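J.: curious how this folds, go ahead:
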Amino acid sequence: MTTTGIEGVLTRLDAEIARAIASGDRRGYFAVLYRRVTAKVAEGLDAGFFDDDVRMERLDTLFAERYFEAVRAERAGQRPTDSWQLTFDAGRRWRPLVLQHLLVGINAHINLDLGVATAECVPSEELADLRRDYDRINAILAAMIATVQRDLLRISPWMGLLDRFGARTQTEVVRFSIVVARRGAWRFAENLSATPDERWADTIHERDRRVAAVGRRVLHPGTRMATGLLLVRLRERGAVADHLEQLLAADDPSLSRVEELVERPDEG
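T.: A predicted model of the protein is given here:
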């Protein structure tokens, strides 16, 4: 099944979220974040926020289809990309924090899928023209993460404890995950776009291998950090379904704030 336009993406994400809420599936954390990002992209399309609305909707749809194909494969008992398999496996485990579930999903989707979707969206000679709108879709994600962090403090009230174990979770960890990841995804898109068609599969596979290694570091950051993560996890409040509902209902950033992040991406 292929996603049809951004409204089709939202409809399918709604179905994934409803399934996750009904079953208490932690894999729904990323789906909620992704749904909020996609809804903001749809708002931007309606407002004329992007340079090329048709091209942006095509990029958004190609991008989403990578996620939906990973979900479909995993649900059918097949193996998706290594980075998505790592994310889905983490969703079956109690120990990762909500933040870790979000970051490992972002890792798979931005560090791997975004570069592939961007290279698929336009011919190589038109790639540079896409950069401004590419930055806008990433700025939406960065702005969304900033609001999600506030919601996470209600779910994980001991999050600040991680500072004592060497992870400044509200700044460096999230900033690295978004700002550095989107820059790396653009470089990967440039590389893939210049790669002959017959070498795409191998190039994507090698990228996936490295992205999965980043995901493993997110989930297993070392013995000292593991202690802090466990303490924070023990204090996370509420059931998975409650967390999903809470994250789904949170306030979203304005498009003007998103544009500020396009102009000053290091704030993301």
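J.: only C-alpha atoms for contact and neighbour calcs from this point on.
T.: OK.
J.: so which residues of the stretch 1-150 of the chain form helices?
T.: 5-23, 28-47, 53-75, 82-91, 98-106, 115-121, 127-155 (DSSP state H, counting those that start in this stretch).
J.: elements contacting the last one?
T.: Packed against helix 127-155, as judged by 3 or more C-alpha pairs under 8 Å, 6 or more residues apart in numbering; DSSP states H and E, are the following elements: helix 28-47, helix 240-248, helix 255-263.
J.: if we go to 10 Å?
T.: On a contact count with 3 or more C-alpha pairs under 10 Å, 6 or more residues apart in numbering; DSSP states H and E, helix 127-155 meets helix 28-47, helix 53-75, helix 98-106, helix 115-121, helix 174-175, helix 181-193, helix 240-248, helix 255-263.
J.: now swap in the shortest one and tell me
T.: Judged by 3+ C-alpha pairs under 10 Å, 6+ apart, the packing partners of helix 115-121 are helix 53-75, helix 127-155, helix 181-193, helix 200-219.
J.: what's the answer for the third one, then?
T.: In this structure, helix 53-75 packs against helix 5-23, helix 28-47, helix 82-91, helix 115-121, helix 127-155, with contacts taken as 3+ C-alpha pairs under 10 Å, 6+ apart.
J.: recalculate using a threshold of 7 Å.
T.: Packed against helix 53-75 by the contact rule (3 or more C-alpha pairs under 7 Å, 6 or more residues apart in numbering; DSSP states H and E) you find helix 5-23, helix 115-121.
J.: most tightly surrounded among the ones you listed?
T.: helix 115-121 (a mean of 23; mean count of other C-alpha atoms under 10 Å).
J.: ok, and what's touching it?
T.: For helix 115-121, the surrounding residues in contact (C-alpha atoms under 7 Å, 6 or more residues apart in numbering) are Arg58, Leu59, Leu62, Phe63, Ala185, Trp186, Phe188, Ala189, Leu192, Ser193.
J.: quick one: distance of that helix to the chain centre.
T.: A distance of 16 Å separates the centroid of the chain from that of helix 115-121, by C-alpha atoms, centre = their mean, to the nearest Å.
J.: which intervals of the stretch 1-150 of the chain have sub-threshold pLDDT?
T.: Scanning the stretch 1-150 of the chain for pLDDT under 70 picks out 1-3.
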